[in-house]
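J.: any chance you could fold what I've pasted below:
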Amino acid sequence: MPAEPLKIVLIRPPYRTGSYDPELQECLGIEMLAAVLRRAGYKVKLIDALLQNLNVDGIVRAAAEFQPDVVGFSLMSAGSLESTAAIAAGLQASLPTGVLMIAGGQLLTMDPQSLRACQPLQLALRGEGEWVLIDLLRRHQNGKSLSDLPGLVRLTTDQQLISNQSEPPLMPLDSLPFAARDFAEVLRRSGLPANVQGSRGCSGRCSFCATPIEYCTTTPSWRGRSPQNLVEEIVQLQRDFGFSIFNFVDDDFLGSMPLGWQRVEVFADEILRRNLKVAYGFQCRVMLAKPALLAKLYRSGLRYVFLGVESATPAVLRRFRKPTLPARALYAIAAWRNTGIVVEIGMIPFHPWTTFATLKADYEFLQQAGCLNLRTATNRLLIFPGTPIADELLDSGVTEVGPDGSMNWQFNSTPVAEFYQRLLWLLQPVQPVWTLAATALPSLLLTAAVAEEQVAQRALGKVQMVYNVLNKWVAKTAFACLDSCQKQLPGNDVVGLRTEAKKLAWLQIQELSHVSFGRLTTATIAEVAEIIEKM
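T.: From the prediction side, this is the model:
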């Protein structure tokens, strides 16, 4: 008799953040793995702590009820290490001996040492896991050794960490099945878009970014699905699940030029040829394109784009390995925006080399670009192990490695460090309201582009109004605080802004209380109001 197919649970664990963060979207990592495993005949259950609102105990119960043979965890950041260890311990106590538990994801690909913080987990896979996971399961079911499995990371009984070389990334991506959509109804009830991955890797080489390190350098650094394959998935999602709004999670949707523009034009043409009524957004590097092509993208449904600018100071851009100078970035932002596409940008004003001069340049650039907001005004450089900037900071001694493997750096300038803390304190009362509005906007923008009912339009207008009011307040506070610190004032001149910020937060949460759409619910508004009250 043939052996029974293995039963596998794939888990996105809870993660912790240092501030209010209501952003919610599906985890394509476990959904892609589920699609591949099901096509190979395995039984798979997906558990998503965020989408299903499950804590550690709830995840343990849900996983144990399935009686799995294998349990997999997807870890994207150090914020999930603590919960992963707790879930693994709970499952170890609940399930029979012999159940295989293994982790994967960007964090463990970049920093295998993070596995130590996941114990009792002792195995992980690095790199793209679709095909290597099939190999692992076959070996496990047949009682064969895993020790030489490509990409395997394992802790020995004496706590030695052994990490095998990963296999080259998958090519071509069109060979993969479309992601499993177990949570489609949850997303649609919450007014959220379906996530789609159109490519992997990035044609850039930013010194702070994990993506170029995560993907093997022996293959093309960027690999894209064909436009036809992408549109086929959109058609399936619309036909089978009723989705009309989509968020592309690619690090770099366009890829290398000029082929990137040719590919995206074919994509837009295919949507228009099929007369699909959809709306979507993506992120890419700062690129210039002909207005006619941007207009075609808008007609095909593109409504927002996120561009990685990162700095307005040429010396910092060189350190970040960003080739686009500020003036060219402003020109590109204007070109996208003139077509009707909403533009948001990435900016990293705070890093070890921040000075008051670089801050002033960043803030003035952001204001000119119409992108000065709470995120861009306060964003702090994240350090990923293995990146060029991580190596530089470790060598210079300004970065410390925490017990969970996270890397924390120190400002070179004490006055800048004081400014950073003062600014965060001043903006703290508006942070929850701003974050709620900012995370609601993309899906509202997309929904309003395709929905017939006026409720989406009214909700979008209200949220945009709140977002704009708060952004003006952030700009006022950022420049006032910067001026105070530059003049070495004790801070008494700006302390009143904190009180005004709390009043403003109350007013804007009351404005949002008139909106009922997607995740903007009575419960969410009450949660934010409670946070403000405690400040």
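
J.: what about Glu185, how many neighbours?
T.: 11 (other C-beta atoms under 10 Å). Using the backbone N, CA and C atoms, a C-beta is placed for each residue, glycine as well.

J.: cool, and Glu65?
T.: 11.

J.: what's the domain layout of the protein?
T.: 7-163, 413-535 (automatic domain parsing).

J.: just the pLDDT at the closest residue to Arg181 other than its chain neighbours, thanks.
T.: Taking C-beta to C-beta, 6 or more residues apart in numbering, and ignoring the residues beside it in sequence, Arg181 has Phe241 as its nearest neighbour in space, at 5.8 Å. On pLDDT, Phe241 comes in at 96.

J.: what's Phe241 sitting at in phi/psi?
T.: phi -130, psi 0 (degrees, to the nearest 10).

J.: all helices of the stretch 151-300 of the chain, in order?
T.: 184-189, 211-214, 227-241, 259-273, 291-300 (DSSP state H, counting those that start in this stretch).

J.: of all the residues in the helix or strand immediately after the last one in the chain, which ones are buried?
T.: In other words, helix 291-300. Next helix or strand after helix 291-300 toward the C-terminus (DSSP states H and E): strand 302-310. Neighbour counts over strand 302-310 (16 or more other C-beta atoms under 10 Å) mark 302-305, 307-310 as buried.

J.: same check on stretch 185-201?
T.: Quick answer for stretch 185-201 (16+ other C-beta under 10 Å): 186-188, 190-201.

J.: same question, stretch 125-143
T.: Buried-residue list, stretch 125-143, by 16+ other C-beta under 10 Å: 125-130, 132-134, 136-137, 140-141.

J.: need the three-state assignment for Glu400.
T.: strand (DSSP: H, G, I helix; E, B strand; the rest coil).

J.: nearest residue to Leu254 other than its sequence neighbours?
T.: Using C-beta to C-beta, 6+ apart, the closest residue to Leu254 is Gly260 (3.7 Å).

J.: return the residues in contact with the one you found.
T.: 203, 254, 287 (C-beta atoms under 8 Å, 6 or more residues apart in numbering).

J.: JSON lines please, covering these and showing neighbour count and distance to Val44.
T.: What follows is those, written out as JSON lines (neighbours: other C-beta atoms under 10 Å; distance: C-beta to C-beta, whole Å):
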{"residue": "Ser203", "neighbour count": "19", "distance to Val44": "33"}
{"residue": "Leu254", "neighbour count": "23", "distance to Val44": "33"}
{"residue": "Met287", "neighbour count": "19", "distance to Val44": "38"}
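
J.: for the chain, which spans come out with low pLDDT?
T.: 1-2, 17-22, 212-220, 402-406, 453 (pLDDT under 70).

J.: centroid residue for it?
T.: Central residue of the chain (C-alpha atoms, centre = their mean): Val249, 7.7 Å from the mean position.

J.: how far away is that one from Met32?
T.: Distance, Val249 to Met32, by C-beta to C-beta, to the nearest Å: 11 Å.

J.: do the same with Ala440
T.: 27 Å.

J.: more neighbours: these two, which one.
T.: Set Ala440 next to Met32 and count neighbours by other C-beta under 10 Å: Ala440 wins out with 26 against 20.

J.: contacts only, for the more buried one.
T.: Contacts of Ala440 (C-beta under 8 Å, 6+ apart): 463, 517-520.

J.: quick one: Gly72 is in a strand?
T.: Yes. Residue state for Gly72 (three-state DSSP) corresponds to a strand.

J.: what about it, neighbour count?
T.: Counted with other C-beta under 10 Å, Gly72 comes out at 27.

J.: list just the nearest of the buried residues of stretch 125-143 to Arg181.
T.: Nearest to Arg181 among the buried residues of stretch 125-143 is Glu130, at 16.8 Å by C-beta to C-beta.

J.: quick check: the closest one touching Ile30?
T.: No. Assessed by C-beta atoms under 8 Å, Glu130 is found out of contact with Ile30, at 11.5 Å.

J.: can you pull the phi/psi pair for the closest residue to Leu237 other than its chain neighbours?
T.: Among residues not flanking Leu237 along the chain, Phe243 sits closest, at 4.3 Å (C-beta to C-beta, 6+ apart). Dihedral angles of Phe243 (phi, psi; degrees, to the nearest 10) stand at phi -80, psi 140.

J.: I'd assumed Arg188 was in contact with Phe243.
T.: Yes. Counting by C-beta under 8 Å, Phe243 touches Arg188, with 7.1 Å between them.

J.: tell me where the stretch 301-450 of the chain has helices.
T.: Under DSSP H, counting those that start in this stretch, the stretch 301-450 of the chain gives helices at 314-320, 326-338, 356-369, 374-378, 388-396, 414-427, 431-450.

J.: residues in contact with the third one?
T.: This means helix 356-369. 309, 311-313, 316, 326, 329-330, 333, 343, 345, 347, 349, 372-373, 376-377, 415-416, 419, 475, 478-479, 482, 485-486.

J.: which positions within it qualify as buried?
T.: 358-363, 365-366, 369.

J.: in TSV, list the contacts of Gly260 along with distance to Met535.
T.: Output for those, formatted as TSV (distance: C-beta to C-beta, whole Å):
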residue	distance to Met535
Ser203	43
Leu254	41
Met287	41
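
J.: any idea how far Gln454 lies from Phe517?
T.: Taken as C-beta to C-beta, the span from Gln454 to Phe517 is 11 Å.

J.: which of these two has more neighbours?
T.: More neighbours surround Phe517 than the other of Gln454 and Phe517, with 21 against 9 (other C-beta under 10 Å).

J.: looking at the domains of the chain, spot the one closest to Ser226.
T.: domain 7-163 (17.1 Å).

J.: and that closest one, how far out from the chain middle?
T.: For domain 7-163, the separation from the chain centroid amounts to 19 Å (computed by C-alpha atoms, centre = their mean, to the nearest Å).

J.: next one: stretch 175-185
T.: 19 Å.

J.: mind listing what's buried in that stretch?
T.: Result for stretch 175-185 [16+ other C-beta under 10 Å]: buried residues 176, 178-184.

J.: any chance of those residues in CSV, plus distance to Ser83?
T.: Listed next are the buried residues of stretch 175-185 as CSV, based on distance: C-beta to C-beta, whole Å:
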residue, distance to Ser83
Leu176, 28
Phe178, 29
Ala179, 23
Ala180, 23
Arg181, 24
Asp182, 20
Phe183, 19
Ala184, 25
